[in-house]
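> sequence below, structure please.
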Amino acid sequence: MYVHSTDEDNTTCYPAMDQMTDNPFHQWEDHSEVSSVLTLASGILTDEQFNIIFLFMIYTSQIITNCAIITNSLVIAVFVKLGFSEPSNISLTALAICDFTLAVLITWNNLCNWLTYHNVRLPFHSANVTALTGGAQWAFLSSTVAWITAFISFERCLCILVPLKVRILITPRGTFVAIIFIIIVTFCPSFFIYIRYKFVWEFNPYLNITILNTIPVNSEFAILFEKIYTVIFGVIMPLLAFSIVLICTLLLVVQLRKISSWRMSVTSAKSQCVQPEENPAASSEARISQKEERLVRMVVAIAAIFIMSYVPTCILLVCDIVFDEFNQFGVYRRLSIVAGYIISLGQPISGSVNILIYYKMASKFRSVFRRLVRVDRHEQERHELE
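Numbering: from 1, shown residues only. Predicted coordinates:
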């Protein structure tokens, strides 16, 4: 979805004017080698098929992204009103902020692609510049979302496993520090890309203007550094976060079933005036309050949606490693781009759905949300009129 030129000879790209009307995505042509995603050479999809699919994906992506921007703005506003005395409010607010920022980055990419499709002459190389001003940040911010979700899931696991000590282990200050640490470790490395690539102003003789472009820094250190940090921060860390979320979610589901079974047995025994059997493990697990249990169920729902939306991303990461040609510069570059665009929809969809989970499962959130959008006020006025 987000690509940039990786030519080692720093070849300058200029627009192929004879192709601009027939195929809007052929706006930049490297005269030695096809290097940009918008110049797509061979592949499974033809020019016409790719253009139709790509334009459809731009509109679809933007519709979903607009929903993510609106819903996450509301979520942030509600949590600000609720305050941050509860650790869960801090982590869920951080998750909403990251989802909102992701939606903004996707909007920037969609805007540039849409303008390129309609032959709008931009003062910069669309594919290359958006890769460095949105693409890299989007990829790393997705990892940040994954790790925040992993932290939230782990926090709820502690609530189940050590319910009497969770207030000591998880505090608002500790949660805030943990979130900041996650952001520093997972998102800040996205700016390391400027060690490997840099912005330059290039004169375009076809348009007779100077445009902003990017070129690779071909030092051995920059090339080696890019390979190392891409593997660590672009592949290993997202997959590790996904694994933590998956394990914690499964553990939470199992423990919730145990708690539900224990409470049902206690209720049944009391109704029959029978002394319930002592089960220390189940009794310890059941010490969490009904409020905590509802919060755990909400976290399970959030994690489940995240897992469903992130599985395709994990598959694409593995495919990029296993298949050399399934990438944005290989033989199947078009298929890779379309797959990347489809997969990128998972994050804004997940971010948009979270507000429904909060509204359904959190009574305080629902109350503040209704006051924020003035639903309660309209209902009260309607009852007064009746």
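> gap between stretch 52-67 and the chain center?
In terms of Cα atoms, centre = their mean, to the nearest Å, the centre of stretch 52-67 is found 16 Å from the chain centre.
> same question for stretch 307-322.
13 Å.
> residues contacting it, please?
By Cβ atoms under 8 Å, 6 or more residues apart in numbering, the residues outside stretch 307-322 that reach it are 142, 146, 234-235, 238-239, 242, 245-246, 249, 326-327, 336, 339-340, 342-343, 346-347, 349-350. Where C-beta positions appear, they are placed from N, C-alpha and C, glycine not excepted.
> can you tell me the helix or strand for the spatially closest residue to Pro123 that is not a sequence neighbour?
Counting by Cβ to Cβ, 6 or more residues apart in numbering, Ile211 is the residue found nearest to Pro123 once chain neighbours are left out, at 5.7 Å. Of the helices and strands defined by DSSP states H and E, Ile211 is found in strand 209-216.
> kindly export the next helix or strand after that strand (C-alpha atoms) in CSV.
Sequence order places helix 220-231 as the next helix or strand after strand 209-216, per DSSP H and E. Only the C-alpha atoms of helix 220-231 are listed here, as CSV (Å, rounded to 0.1, in the frame of the first residue of the first chain):
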residue,chain,number,x,y,z
GLU,A,220,26.6,0.4,3.8
PHE,A,221,25.5,1.4,7.3
ALA,A,222,22.1,2.8,6.1
ILE,A,223,21.3,-0.3,4.0
LEU,A,224,22.3,-2.7,6.8
PHE,A,225,20.4,-0.6,9.4
GLU,A,226,17.3,-0.6,7.3
LYS,A,227,17.3,-4.4,7.0
ILE,A,228,17.8,-4.9,10.7
TYR,A,229,15.2,-2.5,12.0
THR,A,230,12.7,-3.6,9.4
VAL,A,231,12.9,-7.2,10.5
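> what about helix 220-231, distance to the chain center?
24 Å.
> that helix packs against which elements?
helix 193-196 (3 or more Cβ pairs under 8 Å, 6 or more residues apart in numbering; DSSP states H and E).
> how far off centre is the helix it packs on?
Relative to its chain's centre, helix 193-196 lies at 22 Å (Cα atoms, centre = their mean).
> try stretch 296-313
Distance, centroid of stretch 296-313 to centroid of chain: 12 Å (Cα atoms, centre = their mean).
> now do the strands in the stretch 51-200 of the chain.
Using DSSP state E, counting those that start in this stretch, the strands of the stretch 51-200 of the chain run over 197-204.
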